[in-house]
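Undergrad: sequence unknown, structure follows:
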């Protein structure tokens, strides 16, 4: 794999993984190949990290198309709105209506305080008024 790019290493790793090797074995193979080409240890580990990241990106399930999801949700909303509109425009079921019954005459509510006497225009009823002035 002399002079190979990261994409070539990812392709190599995918082939080995599909062949039945574990991730650790594939990483060890790539590490040995790069060490044979006299790569520095830090560069080997950084390259393996990039290969692992790209493998993970290729193996993860793809997200469904967001526009298709939006269209599906819009269709569901439209269906619900149609059902609501049909319910609103449908005639209401007829139920026999009863006239409201008046409260029984036996139950009379008592007022807590009686109504005050109407004012006759003079203060004759108020004895305290006479003497305080």
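TA: Yep, it's here. Quick caveat: nothing in here was measured; it's all calculated off a predicted structure. Numbering: from 1, shown residues only.

Undergrad: quick one: contacts of the helix or strand containing residue 13?
TA: Using DSSP states H and E, residue 13 sits in helix 6-18. The contact list for helix 6-18, computed with CB atoms under 8 Å, 6 or more residues apart in numbering, reads 1, 4, 23, 25-26, 29-30, 47, 50-51, 54-55, 58. All C-beta atoms are positioned from the backbone trio N, CA, C, and that covers glycine.

Undergrad: from those, which land in helices?
TA: Taking DSSP state H as the definition of helices, the contacts of helix 6-18 contribute 23, 25-26, 29-30, 47, 50-51, 54-55, 58.

Undergrad: would CSV of the residues you listed with neighbour count and distance to residue 99 be doable?
TA: Below are the ones in helices among the contacts of helix 6-18 laid out as CSV (neighbours: other CB atoms under 10 Å; distance: CB to CB, whole Å):
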residue, neighbour count, distance to residue 99
23, 12, 82
25, 12, 89
26, 22, 87
29, 15, 92
30, 21, 90
47, 18, 89
50, 12, 84
51, 20, 85
54, 17, 80
55, 18, 80
58, 12, 76
